[in-house]
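Peer 1: any chance you could fold what I've pasted below:
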Amino acid sequence: MSSSENLYCCIVCVLICLLAGQQRPVAAANSVYTCPGLVQISSQTVCTAPCQQATCTALAAFFNSTYNGTNPTIKPWRFRNGWSDLEIQSCSQLVAATPIGGLPAYCSWFGLTCCTPPLAAAGYCTNLATVLEVKVEVNGLNGSIEGPDFQQSIGQLHACGLKSLTVTGNALSGSLTDFWGQLVNLNVLGLAKNMITGTIPDAMRNLTSLIQLQLDRNPMHGTIPEWVGELQAMQWLGLSAFAGHNPDGSKGLVGTLPAGLGNMPQLQTLMLDSNSLSGSLPSGLCPSPISILNLRRNHITGDISQLLPCTELYYVDISVNKFAGVLPDIATWGWRHLVTFDISSNDIEGTLPQAFYQLPWIGYVNMANNRLIGTISTNIKQMPYLLTLNLHNNQLVGSIDDGMWYVPRLANIDLSSNRLTGTLSSAIGLSYYTASLLLDNNNFTGQIPPELGFLSSLMSVDLRNNSFSCAQSSSGSNDPSQCDGGQQLPCFLRLSDITIPRPDASNMQCPTVVRKLRAEAVQDCAGATATQLGGRVADLAEEYIRPQTWQLDPSYYHYQGCKCLGGYREVWTSHHTSLTCVHATSSAPAWTVPVTVVASVVGFMLLAGLLLWVWFKM
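Peer 2: Numbering: from 1, shown residues only. Model (predicted):
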């Protein structure tokens, strides 16, 4: 037993022997709720039997007010270790059973943390044997936070020393009322992911001790109060994904970001994503110690360079907004901690600065749906922790340098819908961790490298809408005359027997592209041609380590196995390498009209000549 625990036991024993006149009651935390039986000895404050009785009674009220077994869709209180004692014993019995020098029974209940001598010595609490924290998450709690029993229970626990209340991921309902403004000693309030409605009440400006406020993902609405800057101790502010409707029909939080957000010197995490906020960033937001910034899916405007003075950022998500300006040289501004960088779906332009490739810890990059230009530097190989690179739908040009395939942890690559050109290098076979490779809607040429067969982690590949040549072509073109009757897919792929409708307006269904069984692939790839692997064939991955989806244009394999949907008929070109499906009742294709006219004229002339010849012979 530690010295602090010995002290606690001694204090409790002394209290039993004290005369009533020798006890000094501790003042209540507020004027509405009081905590009986808090007695101070020297520098320690202890929750005696009356305090323990009041705490137990409050916990019973909390349990009963959040246990609604009549809702068939919710299993209330999935975990209730200790709480079930309330069903077989009264609080008087539970408190009476507390051993001398020991903690009350409720201190061992699921989700509760009591104030102990070590926690008190560390400065986390002052009232020994009171409930310091209630943390019951994703546990089926249901009921109204406006209910008198619920509020009475929380108010009583707070009066006795509650500092942290976290009930996220439950089914609590009701609105935030002025009651919550009385909990002035709370450091943590977590009500996220419930069914709480209404707006943030002005009374909550009294909660100046709050370090964390999490109201995310509730059907709330309204604005961010201007007084939010008065919460000077705040380190984590979570107001994401409010889903309530405003009078104007908008959803979630509306209005602008209050200037007070730039006056919170301790703020480290700001989560405001998935609302209807507008305007620009408050001027004082940067510089600040903020390290996590999530403004995703709002209507916020401004220049991205406003964020540069926030040098402690390691998570940035400002995607799906209206930010504009040129992509700044972020590395030179000191973003050396950056791990996640998502600026997708804005109006940001410019090139990828060379210093970008020098960010030492970057792992997730998403710049899709902007107006970026230029090329992807070979210096990308200097990003050892990069896991995801998404540059979809920009205006990038040039080829993919081999450095892309040397990034050791790169798993997700999306370069689709750009203006990239060139061929895919055989070095692609070194990108062993790649799971998703999306290169569709570019201008790539050449053959699909058979080294893709080395990649055992692949799950999704999309190479559609490019100009790749068939595997048999030696010239690198997709000339039908060079591909007839030969191997058109890479040696480790084949067409399956399953056909599915195309997700376009072609009105046809085509076979899916799948990996061959490894034994078959080894046999077909063992040759020494440019489309085979030769001595490296042993590196081919097993076919069913992970299911794979391969998206290739039917034109690549010349529509082998494709057929028209019901009600449409097939029209093939002369080489039988291109298929068009036309409505069964449609007239012949337009190109047949002049052919028919010419044939008719020629036939008429031949008939006329024959008749003239017969007449002259007569």
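
Peer 1: buried residues of the helix or strand in which Ala519 is found, list them for me.
Peer 2: Per DSSP states H and E, Ala519 falls inside helix 518-525. Neighbour-count burial for helix 518-525 flags Arg518, Ala521, Val522, Asp524, Cys525 (criterion: 16 or more other C-beta atoms under 10 Å). To be clear about C-beta, it is placed using only N, CA and C from the backbone, and glycine gets the same treatment.

Peer 1: ok, now how distant is the second one from Lys251?
Peer 2: Yep, that's Ala521 we're talking about. 51 Å (C-beta to C-beta, to the nearest Å).

Peer 1: kindly report the same for the first one.
Peer 2: Spatial separation of Arg518 from Lys251 under the definition C-beta to C-beta is 51 Å.

Peer 1: what of the fourth one?
Peer 2: Here Asp524 is placed at a distance of 55 Å from Lys251 (C-beta to C-beta).

Peer 1: which stretches of the stretch 451-600 of the chain have low pLDDT?
Peer 2: Flagging of the stretch 451-600 of the chain using pLDDT under 70 yields the residue ranges 471-487, 543-546, 586-600.

Peer 1: can you pull out the helices in it?
Peer 2: Applying DSSP state H, counting those that start in this stretch to the stretch 451-600 of the chain gives helices spanning 480-483, 518-525, 592-617.

Peer 1: how about the chain?
Peer 2: Listed in chain order, the helices of the chain (DSSP state H) span 3-17, 49-65, 91-96, 117-121, 148-160, 480-483, 518-525, 592-617.

Peer 1: identify the residues contacting the nearest residue to Gly398 once chain neighbours are set aside.
Peer 2: Using C-beta to C-beta, 6 or more residues apart in numbering and skipping the chain neighbours, the partner closest in space to Gly398 is Thr375 (3.6 Å). Listed by C-beta atoms under 8 Å, 6 or more residues apart in numbering, the contact set of Thr375 reads Thr351, Leu396, Val397, Gly398.

Peer 1: so which of those residues wins on neighbours?
Peer 2: Leu396 (20 neighbours; other C-beta atoms under 10 Å).

Peer 1: that one contacts Asp414, doesn't it?
Peer 2: No. Contact between Leu396 and Asp414 fails when scored by C-beta atoms under 8 Å: they sit 11.7 Å apart.

Peer 1: residue boundaries of the strands in the stretch 101-250 of the chain?
Peer 2: Here the stretch 101-250 of the chain has its strands, by DSSP state E, counting those that start in this stretch, at 112-114, 127-128, 131-135, 142-144, 164-166, 171-175, 188-190, 195-197, 212-214, 222-223, 236-238.

Peer 1: show me what the fifth one pairs with in its sheet, parallel or antiparallel.
Peer 2: The strands that strand 164-166 pairs with in its sheet are strand 131-135 (parallel), strand 188-190 (parallel) (by DSSP bridges).

Peer 1: between these, which one is nearest to Ile428?
Peer 2: Of all the strands paired with strand 164-166, strand 188-190 sits nearest to Ile428, with 45.9 Å by C-beta to C-beta.

Peer 1: so which of the contacts of Thr375 are in strands?
Peer 2: Using DSSP state E, the subset of the contacts of Thr375 located in strands is Val397, Gly398.

Peer 1: could the contacts of Thr375 be laid out in TSV, adding distance to Gly123?
Peer 2: Below are the contacts of Thr375 laid out as TSV (distance: C-beta to C-beta, whole Å):
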residue	distance to Gly123
Thr351	51
Leu396	53
Val397	59
Gly398	58
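
Peer 1: picking up where we left off before, most tightly surrounded among the strands of the stretch 101-250 of the chain?
Peer 2: strand 127-128 (a mean of 25; mean count of other C-beta atoms under 10 Å).

Peer 1: so where's the stretch 1-150 of the chain uncertain?
Peer 2: Residues of the stretch 1-150 of the chain that meet the cut-off, pLDDT under 70, sit at 1-31, 72.

Peer 1: run the last query once more with 50
Peer 2: 1-31 (pLDDT under 50).

Peer 1: in the stretch 301-450 of the chain, which spans are strands?
Peer 2: Under DSSP E, counting those that start in this stretch, the stretch 301-450 of the chain gives strands at 315-317, 322-326, 340-342, 347-350, 364-366, 371-372, 388-390, 397-398, 412-414, 419-420, 436-438, 445-447.

Peer 1: and the first one, what does it pack against?
Peer 2: The helices and strands touching strand 315-317, judged by 3 or more C-beta pairs under 8 Å, 6 or more residues apart in numbering; DSSP states H and E, are strand 292-294, strand 340-342.

Peer 1: how far away from the center of its chain is it?
Peer 2: Distance of strand 315-317 from its chain centroid, counting by C-alpha atoms, centre = their mean, to the nearest Å, is 11 Å.

Peer 1: and what of the third one?
Peer 2: Between the centre of strand 340-342 and the centre of its chain there are 11 Å (C-alpha atoms, centre = their mean).

Peer 1: repeat for the fourth one
Peer 2: The chain centre lies 23 Å from the centre of strand 347-350; the measure is C-alpha atoms, centre = their mean.
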